[in-house]
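> Starting from these lines, generate the structure:
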Amino acid sequence: MVAIRHRALQLLALGLMVAGGAFAQNDLSCTIAGTQQNVRAEGKAELLGDIVIECVASEPDDPAPWDEKQVNIIVNLPVNVTNNIDFGEGDDTTDSRLIVNDDYNDGLYGVRTANREIAFDDVTVPFPGFGGNPDTTVIRITSIRGNVTQLGLPSEGNTIQIDAIVSTEPPSTLSVGVPSVTIGFSRLSLISEGVSDAVNGLQCVDLEEETAFLDIREGFASAWKTQGVPSDAKNTFWESGIFAEDSNNGAGASQETQFRLSFGTIPGDVSLSLANTVTDGGDLELTLLSVNGDSINDLCDTPGGSVSVDHEDGDAVAIYGVCDNNPNAREEISIPMYLEWDVDDTPEVGAGTVTISYYPLNGSDFSDYEDPEPRFVDTASSPEEFVSVTKCVTTLLFPFVTNQSGFDTGLAISNTSEDWGLSGIDGQDGACEVHYIGTDTSDNTPEVDVTTDDVLAGEQLVWLLSAGGSHGVVGAPDFQGYILAACDFQYAHGYAFITDGFGGGIPSLAQGYLARHPG
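Residues are numbered from 1 along each chain as shown. A predicted model of the protein is given here:
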């Protein structure tokens, strides 16, 4: 009798197990994925890829155990969150969004709960496939911005992977298995190829407009962007995200991709001009937005032509913005720099340089209300020379001169730059520096070199070694050695005549020669 009762209990337990299996709990089966887009390694507020959680019913033929549940979703990044905050939704509310089933009109803003963490609290998750809900519940987290520069700058052609960690409260509602998801790859995106066709000219010769070019190229196809409003959050080709009302951004970004040209040490009285519109001959078009902080053009609205750039103390800054481009091509462009000068203004001798970087620069490393999105660090390479003004100099060597043993030396330098236009250049005026190399009869070396008054085009500088002469040149009595003369004009020619007859009488020895151009 006991055995029969024990057997009956076993059968009852087995029946309950079978019944329990027949009525297994219907639940959510969820997967997680990320939009693995390229982002600019130079960016402090880069738009990262979307995080997408898709859930279906584990037992689609069984009744739904619930209509909807509330859940908290937390996202942790390897870099600081740099979204716009404090725009009327709360001090730490960001303009990142969580969208359920593509209802962009009813999304949640994420709250920054730590420098590298965003939380979306009280998210309503509908059970898929029941009560008119779609068969798949899609939760999209979008418009998160991060300070990618904290990962360092990869070398050209290499990437740094950006992974987010996603957790939920309570964890049983949205269990996604592996919580790590890749949402971007950091790449070097602005590559300067330097200056091509650098302009070089002489200080004493007019320079009619010549053009140097600053050549840049895109590190990956979607690095340079216009500012636009995408049709949905999946479009990564604009400087944009999901629009946040009252945020400082327009469609998730403050401005299109912009470039900053920084000029330095431009020689005085050298005229620099920049084009209002620059194109690559295809889809890429840049607009000159400002020069030295002064607004020049509205984006995509220019009169053509060029604008003169003031460069006080040799420095200037110009900002270009992307008006149009091809997001599917790695583009490159040459930005022209127009240069000229007039000898009547006597341009300074020297060289001007230029660098390029993204703009705006710097700003907060954290979420902020006022700082623009995007913003960048200055990764400009060493300054590149794009213009140089060379002093007009003719150097003459008088290889032997003497005022010893009864001899004296007569010298002449002619400024032959005046040729009535035969050479196609204007006459040039300038002083000559006369350098005496040698000693006098007491083995003394002349203490100072001699700078003359200007020798006008067509004039001659004439002097005796013993006594000096015209244009304020000072002689060197009892000197013997050689002379180097550096004249601030082209086409200088020299002649020397050595004799013992300068004091009168018939010379016993006389010799003349033409000065050489050393080199």
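> per-residue pLDDT, Asp429?
Looking at Asp429, its pLDDT is 89.
> What is the neighbour count of Gly281?
7 (other CB atoms under 10 Å). Bear in mind the C-beta positions are built from the backbone N, C-alpha and C, glycine included.
> State the next helix or strand along the chain beyond the top strand by length along the chain.
Identified as the longest strand of the chain according to DSSP state E is strand 207-218. Counting by DSSP states H and E, the element after strand 207-218 in chain order, helix or strand, is strand 258-264.
> So which elements touch that next one?
Strand 258-264 sits against strand 316-324, strand 350-359, with contacts defined as 3 or more CB pairs under 8 Å, 6 or more residues apart in numbering; DSSP states H and E.
> what does the helix or strand following the last one rub up against?
Translated: strand 350-359. Scanning forward in sequence from strand 350-359 by DSSP H and E, the next helix or strand is strand 384-390. Strand 384-390 is touched from outside by 192, 194-195, 198-203, 212, 214, 266-267, 270, 272, 337, 339, 341, 347-355, with contacts defined as CB atoms under 8 Å, 6 or more residues apart in numbering.
> residue boundaries of the helices in the chain?
According to DSSP state H, the chain carries its helices in the segments 2-22.
> residues contacting the residue nearest the centre of it?
By CA atoms, centre = their mean, the mean C-alpha position of the chain lies nearest to Ser357, the distance being 1.2 Å. Applying CB under 8 Å, 6+ apart, we find Ser357 in contact with Glu42, Leu190, Phe259, Arg260, Ser262, Phe376, Asp378, Thr379, Ala380.
> Out of those, which two sit at the greatest distance?
Glu42 and Ser262 (15.1 Å; CB to CB).
> my guess is Ser271 meets Trp341, correct?
Yes - the pair Ser271 / Trp341 is scored as a contact, 6.2 Å apart, by CB atoms under 8 Å.
> Among those two, which residue is more densely surrounded?
Trp341 (25 against 17).
> State the pLDDT value of that one.
According to the model, Trp341 scores 96 on pLDDT.
> Could you pull up the contacting residues of the closest residue to it other than its chain neighbours?
Distances taken as CB to CB, 6 or more residues apart in numbering place Pro347 nearest to Trp341, at 4.3 Å, with adjacent residues excluded. Residues in contact with Pro347 (CB under 8 Å, 6+ apart) are Gln203, Pro267, Gly268, Asp269, Val270, Trp341, Val389.
> Could you check how far Pro347 is from Pro128?
Per CB to CB, to the nearest Å, Pro347 is found 74 Å from Pro128.
> on that earlier part again, just put the helices and strands packed on strand 258-264 in JSON lines and tack on mean pLDDT and distance to Thr182.
Shown next, in JSON lines, are these (pLDDT from 0 to 100; distance: least, CB to CB, whole Å):
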{"stretch": "strand 316-324", "mean pLDDT": "95", "distance to Thr182": "27"}
{"stretch": "strand 350-359", "mean pLDDT": "98", "distance to Thr182": "24"}
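> could I get these as CSV with distance to Gly472?
Output for these, formatted as CSV (distance: least, CB to CB, whole Å):
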stretch, distance to Gly472
strand 316-324, 39
strand 350-359, 27
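> how about those, which one is nearest Ile51?
That would be strand 350-359 among these, by CB to CB, at 26.1 Å.
> ok, for Ile85, nearest residue in space, not its chain neighbours?
Nearest one to Ile85, counting by CB to CB, 6+ apart, is Ser367 at 4.4 Å.
> My read is that the one you found contacts Asn83, right?
Yes - counting by CB under 8 Å, Ser367 does reach Asn83; the two are 5.3 Å apart.
> Common neighbours of the two, please.
Thr94, Arg112.
> Counting neighbours, go ahead and name the busier of those two.
Asn83 (28 against 24).
> which residues sit in contact with the closest residue to Ile73 other than its chain neighbours?
Nearest-residue entry for Ile73: Phe120, 4.6 Å, with adjacent residues in sequence omitted and distances by CB to CB, 6+ apart. By CB under 8 Å, 6+ apart, the contact set of Phe120 is Asn72, Ile73, Ile74, Val75, Leu98, Leu108, Gly110, Val111, Ile141.
> which among these gets closest to Glu459?
Checking the contacts of Phe120 one by one against Glu459 (CB to CB), the nearest turns out to be Gly110, at 80.0 Å.
> Point out where the stretch 351-500 of the chain drops to low pLDDT.
420-424, 447-448 (pLDDT under 70).
> tell me the contacts of Asp310?
Applying CB under 8 Å, 6+ apart to Asp310 gives the contacts Val291, Asn292, Ala316.
> can you redo those as JSON lines with distance to Gly468 and neighbour count?
Shown next, in JSON lines, are those (distance: CB to CB, whole Å; neighbours: other CB atoms under 10 Å):
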{"residue": "Val291", "distance to Gly468": "52", "neighbour count": "21"}
{"residue": "Asn292", "distance to Gly468": "50", "neighbour count": "15"}
{"residue": "Ala316", "distance to Gly468": "46", "neighbour count": "20"}
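> Mind putting those residues into JSON lines with distance to Gly305?
Conversion of those to JSON lines gives the following (distance: CB to CB, whole Å):
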{"residue": "Val291", "distance to Gly305": "14"}
{"residue": "Asn292", "distance to Gly305": "18"}
{"residue": "Ala316", "distance to Gly305": "18"}
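> sorry, back to before: quick one: closest of the helices and strands packed on strand 258-264 to Gly505.
strand 350-359 (53.0 Å).
> Each with direction, which strands does that closest one pair with?
Counting by DSSP bridges, the strands paired with strand 350-359 are strand 258-264 (antiparallel), strand 384-390 (antiparallel).
> Quick one: the ones you listed as TSV, columns for mean neighbour count too.
Formatted as TSV, the strands paired with strand 350-359 follow (neighbours: other CB atoms under 10 Å):
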stretch	mean neighbour count
strand 258-264	21
strand 384-390	20
